[in-house]
Every structure is written in C-alpha cells, then in structure tokens.
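> Output the structure for:
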Amino acid sequence: MSELRDEVHTPDITSSEVVYHGAVWDIRRETFDLPEASGLVRDVMDHTGAVAVACVDEQDRILLIKQYRHPVRARLWEVPAGLLDVAGEDPFHAAHRELAEEADLRARRWEVLSDSCLSPGGSSESIRLYLARDLELVAEADRHERSDEEAGLEFRWATIDEALAAIAAGELTNAAAQLAVLQVANVLRCEAEGRPAPTRPVDAPRLLID
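Below you'll find the model as predicted:
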C-alpha cells in the first residue's frame, strides 16, 4: 500500500511560455511528458502562493471576514489571507502582515495547521494556513488603511458550531475558510480531550516548495 503522502515529481518539460500577462497572475502554457503519457499540454496560472490565518479568541470563536470576490460575484465569509507577493518574504512574516492589515490584530501564539493546493488542476497556488491565538488589537495609530475591496470588509466572531453548520448548509463556501473551521474544530476537540493538537511549528517545511 502506498504511503499517504503527496509525491513531488518534476516531469520532462519540453516547452514553457507565458501566453497571457494578467493584472495579478500570468497564464503559462507548458508541454511535458510523464511515464504514462507524453505530449501533454496544460495552461497553468502562475500563482505567487498565499497564506491564511485562523484566528481563535479566548472563547474559542473563529474570526471571519466578509469580502467581495468578483469572479463569483459574491461577498464571501473568509479568514484573513493574502498573497505571497512581496519578493523574498517569508510566509510566517506574510501571515503577521495580513493579520494586521486585514483584521487589525497581532498574535503571540502561532502554529501551522496545513498546506494546501486549492486548485491543482489549473493553478500552482499553494496556501499555508496558520492558527493564531493570544490576540491583541493593533494600536489605532498603527493600523493599515484598507482600500479597494478591503475597504468594505465586515467582521464577525463565530462559534465553531455555528461555522460548521454554515459549511454544511452551503452558506460558507470559501475553501480556505472551510479548511480553517474544520481544522480548528479538530484542534479544539483534541485539546478538550487532553490529546496533542495536530499542528506543526511555524518553521515546518512546505512539501511542494521548501
């Protein structure tokens, strides 16, 4: 039986070119060979990668943020998140930055919950999800001035049961937010039962990248 672990594999890439330069991401067309098939052609979104933060307060509630997302024409409940679009920026530093910019919060306790490929059939995006606790507000004078879609952010602290019910009812659809809620629920359950929580240190390597 195969090991339950994703396997990094670099195929023989015979051609690679950017066919579209976008405002945020580019589209790259690549031709490659695998042992099981040759001459495969795929258009891939060249994604910078991202981070997301599951913020949990002293009452074991999770912070959700409502933000407009144009591709789906909807305001979605999400967790604080952002792109790794600063050259050379460490993901952990980016998570600190996004938490402060989007939620006006800092955290003294950080752990890694997961690394995920949200749409591996068409995008190179890999997102690292952190758990942040022991929270404090950023001083008002130091807060980030939000613009564009972020200017209309709405905030809500939700109980885990409430968030799980919203996922089950199809009312909370953002994939990173769903993952955050499900994994926080698991962490809190383990802690309540006196078992080690399934988290990793913030410097844990990313399988597909590091």
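> Quick one: name whatever helix or strand follows the strand or helix carrying Lys66.
Using DSSP states H and E, Lys66 maps to strand 61-69. Later in the chain than strand 61-69, the nearest helix or strand by DSSP H and E is strand 74-78.
> Go through that next one and flag the buried ones.
Using 16 or more other C-beta atoms under 10 Å as the burial criterion, the residues of strand 74-78 that qualify are Trp77, Glu78. All C-beta atoms are positioned from the backbone trio N, CA, C, and that covers glycine.
> swap in stretch 108-126?
By neighbour count with 16+ other C-beta under 10 Å, stretch 108-126 contains the buried residues Trp110, Glu111, Val112, Leu113, Ser114, Asp115, Ser116, Ser124, Glu125, Ser126.
> cool, stretch 191-210 as well?
Of the residues in stretch 191-210, Thr199 count as buried by neighbour count, 16+ other C-beta under 10 Å.
> Now do the helices in this protein.
91-103, 160-168, 175-192 (DSSP state H).
> Please list the outside residues in contact with the first one.
Counting contacts by C-beta atoms under 8 Å, 6 or more residues apart in numbering, the residues outside helix 91-103 that touch it are 49, 51-53, 55, 63, 65, 80-82, 84, 86, 89, 105-107, 110, 128, 130, 132, 138, 143-144, 146, 150, 153, 155, 202-203, 206.
> Give me the buried subset of those residues.
49, 51-53, 55, 63, 65, 80-82, 84, 105-107, 110, 128, 130, 132, 153.
> Give the rounded mean pLDDT of stretch 59-70.
Confidence for stretch 59-70, expressed as mean pLDDT, is 96.
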